[in-house]
Structure formats: structure tokens, C-alpha cells
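J.: dropping the sequence and predicted coords here.
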Amino acid sequence: MNNPPEFPVSTTIFSDICEAIADKGYIVVHNILPIQTLNTLRDELAKMELTEFKPAAIGRHADQAVIEEIRRDKILWIDHSNTFAQPYFDWSEQLRLAINRYLFLGLFDYETMFAYYAKGAFYKRHVDAFKGQSNRKLTSILYLNEAWQPSDGGELLMYQHGQSVPFQTVEPRFGTMVIFLSEMFPHEVTQSNCDRYSLTGWYRVNEGTPLA
Ligand SMILES: O=C(O)CCC(=O)C(=O)O
Ligand SMILES: [Fe+2]
């Protein structure tokens, strides 16, 4: 067996993530980013007018009534023009390079959005990418809810395909990140009983890259 590539000492978390993705397809990590980075993301998110958040869509063909049956979150795409998120983008880029080096996934770029679930919002069971139909390969979700309580709901439930009992429940606590292969796990967000904030990203392969 080949030795895994070496990682800089300060980034052993990347090797842990790569190993977990290779082994079981997902990982949940707590306190994943420096507290300053998390605080900045939370502060900037709080400053953004919630009116800037738009109801999320699902594919091209569903009408708004159908969408609201499936998901009630509101989203706001962010990119490099949002300079406050640079440390987050730098970290995400290091992860992309590590994954490509270790797993040869050919991740090409990264799209990311803030998601806001108001009281009562949810997202029914779905997969982020269908095999052969999407260039989304890897999903990352960073939670930014400081005083989260179990009674607040809004949990991420992860399923194996064909199973109706979740194998993993993730509480959307401040600084927790879940990373998973986008095609591999159906998942849902249970009804949130209070405001719930997250930063969701998808690593994509290049359009035109044949999907395995
Ligand atoms: O916020 C979460 O826990 C999951 C969100 C999700 O599944 C999605 O945006 O596709
Ligand atoms: Fe999803």
C-alpha cells in the first residue's frame, strides 16, 4: 500500500478529513476553524440584511409551492468579493488541494452560500448530487449557531441510500462542520425551532470531466 502523502504539521486535520472521506465518505469535525474566523463569519452574517437572503431553489422545473414543500431555507451566495470570508476560502482551498492530492477527486472549484433557516424552516430528505448528473462532488456545511440547544431542532440527519433510519445526526453547533461525498448520502434538516445559520459549500469537478 502507498504511504499517504505528508501534510504540514499545522494541517493534520486535512489528513484526518481525507482519511475519513476515503474510509466512510463523511466526517463531522467540531471546532474546525480558529475562533476568530468563526466569529468573523458569524458577525458578518449577522450584519447582512436578512432581506438579502433569497428563498432557495431546487432544480429548474419546480414551482415555488413545490419548493416550499421541500425546503424553506433562504440563501445568500458568497464569493471572493466578500473579503471577510477570505480566511474561510483559504482554508477551503487547502482542503481542496489535500483531497485532490490524497483522493484524486479532481475537485476543480468551490461554490458557497450562507443558509438561513427561520423558525419552522426545514429541508426534506434529498441528495445534493445525482450520480452522473451533477458536478458537485463534496459537500461541506459549517454551522454558526452559538447557543444551540437540543430543543431547537434543526438537526442534520444523514442516511444510507435505501435506509429510512438515519445513521448520523449532526447538531448545528457553532464551529461544527460536516463534510461528505455529495452523491453518497441522502440527508435532511429537521424543522428548526429558532433561527439557524450555516455556511454550505460544494466542491465541484470541472464541467466536461467524465463522472465516474
Ligand atoms: O444545513 C444543513 O444541515 C444541510 C443543508 C443541505 O442539505 C443543503 O443545503 O443541501
Ligand atoms: Fe443537502
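T.: In hand now; what should we look at? Numbering: from 1, shown residues only. Ligands and ions are numbered 1, 2, ... in the order given.

J.: what residues of the helix or strand bottoming out on mean pLDDT in the chain count as buried?
T.: In the chain, no helix or strand scores lower on mean pLDDT, DSSP states H and E than helix 64-70, which sits at a mean of 79. Within helix 64-70, the residues that count as buried by 16 or more other C-beta atoms under 10 Å are Ile70. Glycine gets a C-beta too; all of them are placed from N, C-alpha and C.

J.: also stretch 173-193?
T.: Neighbour-count burial for stretch 173-193 [16+ other C-beta under 10 Å]: 174-189, 191-192.

J.: now swap in stretch 160-169 and tell me
T.: By 16+ other C-beta under 10 Å, the buried positions in stretch 160-169 come out as Pro166, Gln168.

J.: on that earlier part again, which ones among the buried residues of stretch 173-193 lie within strands?
T.: Using DSSP state E, the subset of those located in strands is Met177, Val178, Ile179, Phe180, Leu181, His187, Glu188, Val189.

J.: which ones among those also lie next to ligand 1?
T.: His187, Val189 (C-beta under 6 Å from any ligand atom).

J.: turn the ones in strands among the buried residues of stretch 173-193 into JSON lines, columns for pLDDT.
T.: Formatted as JSON lines, those follow (pLDDT from 0 to 100):
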{"residue": "Met177", "pLDDT": "98"}
{"residue": "Val178", "pLDDT": "98"}
{"residue": "Ile179", "pLDDT": "98"}
{"residue": "Phe180", "pLDDT": "98"}
{"residue": "Leu181", "pLDDT": "96"}
{"residue": "His187", "pLDDT": "98"}
{"residue": "Glu188", "pLDDT": "98"}
{"residue": "Val189", "pLDDT": "98"}
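
J.: nice, that's everything, thank you.
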